[in-house]
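Peer 1: Sequence and predicted structure are below.
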Amino acid sequence: MKVGDVMSRKLITVNSDDTLRQLWKILFKSHINALPVVDKKQKLLGIITKDDILKLIYPDYEDLIEDFFSITDFEEMEKRIIALGKKKSTDIMCKRVIYCREDLPIMRALSRMIVRNFNQLPVLSDTDKVVGMVTKGDIFYALFRSQLKGNTLSLKK
């Protein structure tokens, strides 16, 4: 099976001048975990994930892991969140994006996600336009359906 067989083509993208506040609304309403940032020609500029936003809002989150009862100024954190809401997507996006193509075998895409600890990959066309998103869940369900049907998977390129 190829990525193009299992990916979602219902893609929500954002522009480089969208603000963090806008991105947050989109992620919340859409129940998705990542937003590709594209230019006017749908070429990939970067990607923003929920984790990226959470780390931006609370860069000291690891302090809570070390000392759960540490004193945190949550009022100050709220002020920080309001101020960050005006940041543009280009200011917070990851510019070095790992992506895949529609003809990539799903097991290779899954391998990229596991090795890099990603939950999804943008899918690009031969002309480098963003055409979809593939998630670990997409691949999991494709493998599950394949097992139910008794199909064998080709792990070759």
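Peer 2: Ah, there it is.
Peer 1: What ranges does the protein have for its helices?
Peer 2: 3-6, 20-30, 50-57, 61-66, 74-84, 89-92, 106-116, 136-149 (DSSP state H).
Peer 1: which residues touch the nearest residue to Asp128 once chain neighbours are set aside?
Peer 2: The shortest distance from Asp128 to any non-neighbouring residue, by CB to CB, 6 or more residues apart in numbering, is to Lys43 (5.6 Å). Backbone N, C-alpha and C define where each C-beta goes, glycine included. Residues near Lys43 by CB atoms under 8 Å, 6 or more residues apart in numbering: 128-130.
Peer 1: With neighbour count added, can I get the residues you listed in JSON lines?
Peer 2: Formatted as JSON lines, the contacts of Lys43 follow (neighbours: other CB atoms under 10 Å):
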{"residue": "Asp128", "neighbour count": "13"}
{"residue": "Lys129", "neighbour count": "14"}
{"residue": "Val130", "neighbour count": "21"}
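Peer 1: Residues in a beta bridge with the most centrally placed residue in the chain, which ones?
Peer 2: By CA atoms, centre = their mean, the chain has its centre lying nearest to Ala34, at 3.0 Å. Following DSSP bridges, Ala34 is listed with bridge partners Thr49.
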